Structure formats: structure tokens, C-alpha cells
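> just a sequence and a predicted model for now, questions to come.
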Amino acid sequence: MPNVQPRPLTAAESKLVRDHEAFAASVRASVLAKAPSQPAGTEDRLAYARLRDEYAEAGEEDRIALLAQMHETAARVDARKAQLQDNALLPDLHAPYFAHMRIRTAGKVRDVLLGARPYVDAARALTIVDFRRAPIAEAFFTCEPGDDYEIEIDRRTVEGVLEARHLVTFERGEPAAITVEGGAVRRIRGEWHFDPGALVPDFSRVDGLPLAAEIDPANREKGVAALLDEDQRAVLERDPKETLLVLGAAGSGKTTVAIHRIAAIAERTADFDPAAVLVLVPEVGLRHLAQRMLTDLGLERVNVHTFEEWIRGEARRVFPWIPAEESPDVPAAVRRLKRHPGLFAAIDALVEDIVRGIGARIDRLHAGRGAIREVVDAQREPVIEHRLRHAETIVLEAAPAAKKPLLKEAFREARRRLERVQADLHRLVGDRALLEHAVHVAKGQLAMPVLEQAAEHTRRQLDDPSAVRFAHVDADRLQTLDGRSLDEDTPDAVAGTIDAEDYAISFELLFRKTGRSGTRAGSLRRYRHLVIDEAQGLSPIELRVIGRALAQGGSATVAGDAAQRLDEGEAFATWDMLVSELGVRSTATHLETSYRCPRPILELAYAVLGDEAAGPMPTAAREGPPVLRTVLPGEGHAAVFISEALRALARREPRAGVAVIAADAKSARAVHEVLARSLPARLVLDGDFAFAPGVEVTEVAQVKGLEFDYVIVPDADARTYPAGGEHRRKMHVALTRAVHQVWIVAPGALSPIFPMALAVPEALSWPMGQRT
Ligand SMILES: Nc1ncnc2c1ncn2[C@@H]1O[C@H](COP(=O)(O)OP(=O)(O)OP(=O)(O)O)[C@@H](O)[C@H]1O
């Protein structure tokens with residue numbers, strides 16, 4: 001806890017307290033004067049959805065009547081919505097606002113309160129503005145008391161002076177603390193006191209360690225190459241033909257070593273061709289980083305792709321039937337099913353079924369009386385083509401000479417058809433009976449309802465989109481009330497699409513049927529050397545396809561860390577199994593020193609992992625400043641604190657690279673919306689990091705393999721990171737991106753994944769209100 005030495009209030013501070021008690025009383029009176037409680041309009045909303053479905057199914061003669069009904073229902077829904085919104089938008093009386101500013105504009109002084117919802121009661125001179133969106137809130141985020149402001153509102157410039165600004169917390173609906181010069185005034189057991197304390201965390205650099213932007217690009221790679229430790233160098237000295245598994249904690253140099261191994265292989269290989277090397281990474285950000293590292297090493301011709309980019313490109317070349325559009329919205333459970341190792345059991349069952357079908361067909365056409373079918377069914381090779389060849393030999397041996405040419409042709413035709421996998425894919429992912437095999441072997445990791453979901457999702461994908469179905473209907477008749485397409489935001493938006501997960505499944509089906517990874521349209525490209533970075537994120541079915549892209553006699557460097565899995569985690573079992581899915585034999589190296597993060601970050605990142613840690617904590621290469629932690633009453637307070645801290649940091653260390661890493665894209669957008677009001681923060685949700693000084697707001701999934709001078713976790717609260725392995729690994733990834741220092745901000749109760757006993761100092765002496 002901060003060093004608190006209460007003292008009585010000054011007259012000005014007492015006046016401030018009285019003002020805030022008056023604001024709170026005024027909000028309460030205003031809100032209570034408005035009657036809430038309205039019935040929900042659920043029935044009408046459901047009716048509208050039903051009508052929309054009926055419209056899609058209806059014949060042209062019924063459409064006009066249906067449209068009229070849709071109109072009526074929509075009008076009722078809108079009216080209800082307006083009522084409900086009115087009530088929902090009333091301020092929350094427990095904590096109606098979190099900040100206050102006094103502004104002087106056009107000769108008048110006004111008090112403006114900042115809250116999550118806007119609210120105005122002109123009679124009571126009460127104004128609460130939405131801190132995320134109201135233009136005037138910018139004055140609060142960007143000005144110090146006494147500063148002039150100039151803000152664009154509705155194309156007008158409004159000028160004024162910010163006279164005062166305060167953050168406020170509430171307890172049981174009453175003001176409990178208000179920031180003032182040098183600290184805060186605070187109500188303790190009904191008495192108000194002054195508490196001293198700083199309000200901006202003290203980011204402190206590691207002595208002697210340059211910021212990323214301070215490292216001369218020309219020295220960057222040369223520098224690391226010279227620094228590599230014994231274990232890292234040993235990897236580079238291994239035979240280029242060997243497949244190596246490079247394991248180690250976050251920041252232990254796995255990517256660095258894997259990329260430098262390409263340079264080492266290039267040096268030792270007479271006919272080295274960089275275009276015969278493929279580097280696969282999970283995200284676009286890491287692709288950019290790997291490309292930069294390769295360019296620094298003079299290896300810019302090496303292919304670098306995210307796994308998804310690579311398999312999409314290969315699948316579209318090999319399977320010309322693949323639809324142009326990818327599904328915008330795959331249900332999470334279906335995505336999990338399609339990547340789960342249990343799916344192999346469903347594929348096995350499908351393979352048996354296909355074989356039975358082929359045997360029965362040839363038998364029927366050639367009057368085999370069950371004998372041909374029996375021979376085909378009796379074969380046990382994993383690949384259907386091999387079974388058919390085997391069966392053909394047996395059948396032909398027993399067949400009379402006259403029948404042989406026709407039988408031969410029948411088998412050839414059956415084999416020729418094997419490369420058609422489109423229908424098999426649809427059956428596999430849409431047939432409950434087949435998928436039950438997957439759920440069965442998944443031992444509780446997949447639940448039965450996923451069968452229904454997958455079948456439904458596939459059925460909708462196989463539907464023509466409305467635009468195709470109603471091609472004969474006038475375009476203006478297809479206009480909906482809201483002007484959107486009939487499919488938008490409806491489950492039909494997936495009609496005519498494919499899921500990204502289906503690419504690997506198609507390759508697996510093709511292999512199980514033909515023993516090859518090519519069709520008449522094209523073949524999977526092969527490489528002499530593969531680098532697979534962050535391999536822990538790949539599913540067995542994906543690894544099989546990657547393994548088949550390795551040329552005969554080629555080698556691979558597989559790097560990863562099981563503690564950094566960001567999916568549910570079940571696609572990964574052990575490193576041995578992972579390598580065996582790739583179809584290679586490998587030797588493992590463990591890198592034991594973490595170079596990126598200083599000790600305090602590493603300690604916290606390991607404590608957060610708990611049982612999810614793959615091994616003991618690695619050695620930290622250096623000491624560093626403490627991890628900072630701040631628990632605040634809500635998002636509004638967090639936004640203010642983070643923007644103030646970032647502005648102070650930018651003044652002190654303008655060359656620092658800062659990542660604000662939110663749990664997901666939605667949270668990143670919300671944080672960015674506020675930060676962008678007071679500083680030039682970039683929102684990065686497509687991997688397009690600048691690798692330069694400045695503030696970038698992003699989500700955990702984007703930052704795999706990357707590093708930043710400072711990391712701020714803006715949503716380390718219990719709601720965003722509840723207990724659970726998945727959340728522990730996710731936080732571990734976020735924390736371990738920092739080279740210098742980490743600041744954890746919890747808007748609300750701190751996540752339970754942080755150990756209570758851990759010595760993480762409270763960064764700010766912020767008096768908490770009771771409400772979070
Ligand atoms: N021997 C070394 N001496 C000093 N710095 C090193 C050394 N090895 C690697 N580094 C640096 O440590 C940082 C982390 O390296 P790298 O990104 O390769 O780790 P990683 O194991 O791939 O991390 P992650 O698991 O987070 O992806 C980089 O800045 C790299 O330059």
C-alpha cells in the first residue's frame with residue numbers, strides 16, 4: 001500500500017468535496033424523477049427474425065405481404081428499443097461519473113462530468129458526457145489545469161480554458177475520493193482527509209539496455225549473431241540435413257536461432273537456394289519480423305508466410321473447386337472440432353465408408369456377387385489408392401481372362417476419381433454419424449452439441465447465397481428494411497463459403513485417398529528446408545500437410561513453447577507427437593536463458609502460468625525494474641491513467657516502443673478509441689506493427705513472437721482473465737513481450753491468475769472506491 005499520511009482538508013479542497021456531493025445529489029434527484037421499467041420487446045424481435053427467414057424461403061407472390069408484416073414488426077421493435085435505451089442510458093447511481101472538469105468557455109464557467117453514458121438535465125445544470133465519444137472530453141484527456149483548449153465540435157471550433165480536472169471514485173453512491181494537486185482527498189470513516197501520492201506510474205528503463213529504436217539496424221543482426229550463447233550456437237553448427245526441435249521459454253531466442261540456422265545452412269550448402277526454404281509463422285506481425293531478420297542476413301528471397309496464408313494459397317491451387325469466399329464467422333466449437341485430433345477417427349470412418357462404396361460399385365457393375373467387394377473391404381492400408389491397387393491384383397488373378405480388361409478399367413476409373421474430395425469434405429464435416437467418432441475419441445473435450453452445430457454450419461455453407469438463389473427476382477424487391485443484404489448478419493452469410501480449417505482437411509482427405517498431395521490441377525510445393533515457428537499452435541492435421549511440403553531428404557527447424565498456446569490447448573499433446581505428425585525424426589534442443597525479459601517480468605509471467613508451465617523458470621539474462629500494477633474502479637479511470645502515463649512516457653522517452661496489449665480485438669478497439677483522443681496511438685489488428693517508436697494498441701493473438709520496450713496490459717481484471725489455463729497462457733504471452741517493463745492495469749478486481757503473495761508493487765496510490 002502507498003505511504004498514506006492523512007491531513008485535514010484546505011478550504012479549497014472542502015469546497016471541492018461539497019461540489020461533488022452536490023453533483024451526486026443532483027444526479028440522484030434527476031434520475032429518480034424519471035420512471036424506469038419497460039417491458040422487453042423480445043417477442044417482436046423474434047417475430048421479425050422469423051419473417052426474415054420466411055421471406056428468404058417464400059415464393060415471389062408472398063413476398064409483398066411478408067414485407068408489409070416485416071415493416072410493421074420493425075416499427076414496433078424500434079419503438080421498444082427507443083424506450084429501453086432511454087432507461088439503460090440513465091447514469092448508474094452507484095457511480096454516476098468518474099471524472100470532473102471545470103471549463104471556462106465564452107466567458108462562462110461550466111462543470112462537465114465524464115461517465116460511461118451521456119446524460120443531460122438542463123434544469124439542474126447537470127452534464128455528464130460519454131468519455132469515449134464526447135468531443136469535449138478531449139479537453140480532459142489532453143490538457144492540464146490552466147491550459148487553453150480548442151476542439152472541433154460539429155465543424156465549429158470551440159475554445160476555452162480547462163480550469164480544473166479531477167478523477168473521482170464513489171462508495172455506495174457517494175463520492176469517496178477526488179484527485180487534487182499532489183494526491184487525492186479521501187473519505188475515511190465519514191471524514192475527509194488529504195492523501196499524498198503520485199498518479200502516474202514510474203516507468204524506469206533498464207540501465208545500459210538500449211530501446212529497440214536505439215539499436216542501429218545495421219548492427220541489429222550482426223549484434224545478436226555475435227552474442228549467441230553456447231546452446232544457441234550449437235544449433236547452428238548441426239548438420240543442415242538434421243531436423244531440429246528448438247524449445248525454450250518466451251524470449252529464449254528460438255526465432256533468432258531458427259532464422260540464423262538458415263544462414264548457417266546457406267553457408268554450408270554449395271547449391272543453396274533461398275527460394276527452396278519456407279518459414280511458417282502464426283501471425284502477420286511475426287512474418288514482418290522474420291522478413292526483417294532475413295533481409296538483415298541477406299536472405300530476402302526465403303519464403304515467409306503465416307500458416308494460414310500458405311495453406312490458403314496451396315489449397316486454392318490444388319483444389320480448383322474451392323469457393324472464393326472464406327466463411328466470415330465459423331462457430332468456435334466447429335473450428336475446434338475441425339482442428340481436433342479426434343477428427344482423424346471421423347476420417348478413418350469416412351475412409352472405410354468410401355472403400356465400401358467403391359467395392360460395392362465395382363462388384364455390382366461387374367457381377368462380382370460380393371466377391372470383389374469382399375476383396376476390396378479386406379484391404380487394410382491407410383491410403384485408399386494402395387488398397388485398390390492391392391485389391392485389383394487379387395481380383396484380376398482370380399478373374400477369367402475375358403473379364404480382366406473391363407475390371408482393370410473399373411479399378412482405374414475408381415482410382416481416377418479418388419482425387420475428388422469436395423463431396424467427402426462436405427460429408428465429413430456435415431454428417432453427425434461420422435463426426436460422432438471424433439466426439440467419442442475426444443474424451444469429453446468435444447461436446448455432443450457440436451455435431452448439430454457443425455452439420456448446421458455445413459448445411460448453410462452448401463446453400464447458395466440469397467444473391468444466387470433469387471437471381472431471377474428484381475434487385476429492389478430484395479431490399480430489406482434496413483438496406484442490408486438479406487444474408488448480412490444472418491447465418492446465411494456463410495452460404496457458398498469455405499472455412500479456413502477446411503484447407504488442411506481437404507489435403508488430408510486427398511492424401512488418405514490417393515497417397516499424394518496433388519491433383520491434376522497442381523501439387524503442394526516442396527521445400528528443402530522448413531522453419532516452423534511457434535509450432536505449438538498448429539493442429540495435428542495442419543502439421544501433416546506441412547510435413548508433406550518437405551522435399552525428400554530435406555530438413556526442418558521446429559521452434560516452439562507449449563506454454564504459449566493461445567487456443568484451448570487440446571490440439572497440442574507432446575513435442576514427440578507433434579514431430580511425428582510432421583513425419584520427421586528430430587533432435588531436441590532446450591534453450592535455457594531468457595534474453596528478452598528482465599527477471600521481474602519473467603517471475604511474474606511464470607507465476608501467472610502456474611501448472612501451465614512447461615518446465616522450471618528459465619534463467620533471466622538480466623535484472624530490471626519492477627512490474628507495475630494498478631487496480632482501478634473501472635474502464636474510465638483506467639483510460640485516464642493509461643493515457644496520462646503514456647503521455648508522460650512519450651515526453652521522457654520519445655523513442656520507446658509501447659504495446660498496449662488487450663485480451664481481444666473488441667477490448668483493443670475500446671481502449672484505442674479513448675487513447676487516440678489524447679495521443680497518437682495506432683490500432684493494430686492486422687499484424688501491421690511499425691517496429692518503431694510510438695504506442696500501438698493491439699490484442700494478444702497479434703503479438704506472438706514479437707517484442708516491445710514497454711507493455712501495458714489494460715484489462716487485467718477478473719472478468720477478462722478469469723481462472724483457467726487458457727487465460728494463464730494468454731497473459732503469459734502478453735507479459736513476455738516486454739523488453740524493459742510491464743504495467744498491469746485492472747479496471748475492476750484484479751484477475752485471480754495473479755498470485756496474491758507475489759511482490760508486485762502497487763504503482764499508484766489510488767484510493768479505491770467500493771465499487772469496481
Ligand atoms: N544470446 C543472446 N544474447 C542477447 N540477446 C539475445 C540472445 N538470443 C536472443 N536474443 C534476443 O532476445 C530476444 C528474444 O529472442 P527471440 O524472439 O528469438 O525469442 P523466442 O524464443 O523466439 O521468443 P518467443 O517465444 O516469445 O517467440 C530478441 O530480442 C533477440 O535478439
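Structure's in. What do you need?

> after the lowest-mean-pLDDT helix or strand in the chain, heading C-terminal, what element do we hit next?
Across the helices and strands of the chain, mean pLDDT, DSSP states H and E gives its lowest value to helix 466-469, namely a mean of 53. Next helix or strand after helix 466-469 toward the C-terminus (DSSP states H and E): helix 501-514.

> quick one: the very next helix or strand once past that next one to chain centroid distance?
Going down the chain from helix 501-514, the next helix or strand is strand 518-519, by DSSP H and E. Distance, stretch centre to chain centre, for strand 518-519: 33 Å (C-alpha atoms, centre = their mean, to the nearest Å).

> low-confidence ranges in this protein?
Within the chain, the set of residues satisfying pLDDT under 70 comprises 1-6, 35-43, 45, 79-88, 197-202, 206-207, 217-222, 464-492, 569, 756-772.

> what does it have sitting close to the ligand?
Within reach of the ligand by C-beta under 6 Å from any ligand atom, the chain has these residues: 224, 227-229, 232, 248, 250-256, 561, 564, 595-596, 705, 707, 736. For every residue, glycine as well, the C-beta is placed using N, CA and C.

> next step: those residues restricted to strands.
residue 248 (DSSP state E).

> I'd guess residue 697 is in a helix, am I close?
No: counting by DSSP: H, G, I helix; E, B strand; the rest coil, residue 697 falls outside a helix, being strand.

> what's the burial count for it?
A count of nearby residues for residue 697, using other C-beta atoms under 10 Å, gives 27.

> and if you look at residue 563?
Quick note: residue 563 (other C-beta under 10 Å) scores 21 neighbours.

> surely it touches residue 247?
No: contact between residue 563 and residue 247 fails when scored by C-beta atoms under 8 Å: they sit 10.4 Å apart.

> so which residue of the stretch 601-750 of the chain comes closest to the ligand?
Residue nearest to the ligand within the stretch 601-750 of the chain: residue 705 (3.8 Å; C-beta to the nearest ligand atom).

> thought that residue was touching residue 283?
Yes: counting by C-beta under 8 Å, residue 283 is a contact partner of residue 705 at 7.3 Å.

> rewinding a little: what is in contact with residue 563 and residue 247 at once?
Shared contacts of residue 563 and residue 247, defined by C-beta atoms under 8 Å, 6 or more residues apart in numbering, comprise residue 614.

> and the helix or strand hosting residue 389 with helix 501-514, angle?
Applying DSSP H and E as the criterion places residue 389 in helix 384-398. Counting by axes from the mean of the first three to the mean of the last three C-alpha atoms, to 10 degrees, helix 384-398 lies at 20 degrees to helix 501-514.

> output the helix or strand following helix 384-398 as CSV, restricted to C-alpha atoms.
Note on helix 384-398: by DSSP H and E, the next helix or strand toward the C-terminus is helix 404-417. Only the C-alpha atoms of helix 404-417 are listed here, as CSV (Å, rounded to 0.1, in the frame of the first residue of the first chain):
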residue,chain,number,x,y,z
LYS,A,404,-9.8,-58.7,-67.0
PRO,A,405,-9.7,-55.6,-69.3
LEU,A,406,-13.1,-54.4,-68.0
LEU,A,407,-12.2,-55.0,-64.4
LYS,A,408,-8.9,-53.2,-64.9
GLU,A,409,-10.7,-50.3,-66.4
ALA,A,410,-13.2,-50.2,-63.5
PHE,A,411,-10.4,-50.1,-60.9
ARG,A,412,-8.5,-47.4,-63.0
GLU,A,413,-11.7,-45.3,-63.1
ALA,A,414,-12.2,-45.7,-59.4
ARG,A,415,-8.6,-44.6,-58.7
ARG,A,416,-9.0,-41.7,-61.1
ARG,A,417,-12.0,-40.4,-59.1
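
> what's the angle from helix 404-417 to helix 501-514?
Using the same axes, to 10 degrees, helix 404-417 lies at 160 degrees relative to helix 501-514.

> so which bits of helix 404-417 are buried?
407, 410, 411, 414, 415 (16 or more other C-beta atoms under 10 Å).

> closest to residue 319 out of those residues?
For those, the closest approach to residue 319 (C-beta to C-beta) belongs to residue 415, at 18.1 Å.

> my guess is the closest one contacts residue 386, does it?
No: contact criterion C-beta under 8 Å: residue 415 and residue 386 do not qualify, at 10.2 Å.

> got a list of what the residue of the stretch 601-750 of the chain closest to the ligand touches?
If you count contacts by C-beta under 8 Å, 6+ apart, then residue 705 has 255, 281, 282, 283, 285, 286, 289, 533, 534 around it.

> what's the nearest residue to it if we skip its chain neighbours?
residue 286 (3.8 Å; C-beta to C-beta, 6 or more residues apart in numbering).

> quick one: residues contacting residue 153.
135, 136.

> what residues are bridge-paired with it?
Note on residue 153: beta-bridge partners by DSSP bridges are residue 156.

> try residue 682
residue 696.
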